[in-house]
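>>> Generate coordinates for the sequence data below:
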Amino acid sequence: MGRSRGGFTSKILVTATDEDTAIAVAVVPGQAHDAPHLAAMLDQTIARVPDVEQVVGDKGFDGEPQRAACSVRGAIPVIPHKSNSKTVGRLNKRAYRKRNLIERLFGKLKEFRRIATRYEKLKQTFLGMIHLALGFIRLRRIANVNSA
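As a prediction, the model looks like this:
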């Protein structure tokens, strides 16, 4: 990964309802941690989909502030604890399986070469290309549903 204007690389944060429907998207610098951006992503998601029941995330979102942000917004956090976490709780493994949906969405997003190789140097143009690719992914699902 080369150095860009935003840092060493960039990260894409996405909230989604299923493997084809992204709700909120953010691009953050590669050296930034994911967890502080969770509250803003939740606010964007709840503004569009008000009945969010669960927030399924990976270990990068482990922490009491993130769990509290989910609880305040009326969602149950389904986030595994890191191995060095001071508070250990149980993980609902059945609900955590839903994380597979977001991984599949990222797999579909990486099919777009311009996104996978990150041609864009500016955050706004990269974010625009992500939105365009997510639109194509959504249209592909609609076309498959209508043709069946």
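>>> as a whole number, average confidence for stretch 122-132?
Taken as a whole, stretch 122-132 has an average pLDDT of 93.
>>> Distance from the chain centre to it, please.
Centroid separation between stretch 122-132 and its chain, computed with CA atoms, centre = their mean, to the nearest Å, is 15 Å.
>>> Could you tell me which residues within it count as buried?
Within stretch 122-132, the residues scored as buried using 16 or more other CB atoms under 10 Å are 123, 126, 127, 129, 130. All C-beta spots, glycine's among them, are computed from the backbone N, C-alpha and C.
>>> give the contact list for the second one.
For residue 126, the contacting residues are 10, 27, 118, 120, taking CB atoms under 8 Å, 6 or more residues apart in numbering as the criterion.
>>> again, only using 10 Å
Remark: with contacts taken as CB atoms under 10 Å, 6 or more residues apart in numbering, residue 126 is in contact with 4, 6, 10, 12, 27, 114, 115, 118, 119, 120.
>>> just the strands in the protein please.
With strands called from DSSP state E, the chain shows them at 10-16, 22-29, 54-56, 76-78.
>>> Within the sheet, what are the partner strands of the first one, with directions?
Right, the one you point to is strand 10-16. Partner strands and pairing direction for strand 10-16 (DSSP bridges) are strand 22-29 (antiparallel).
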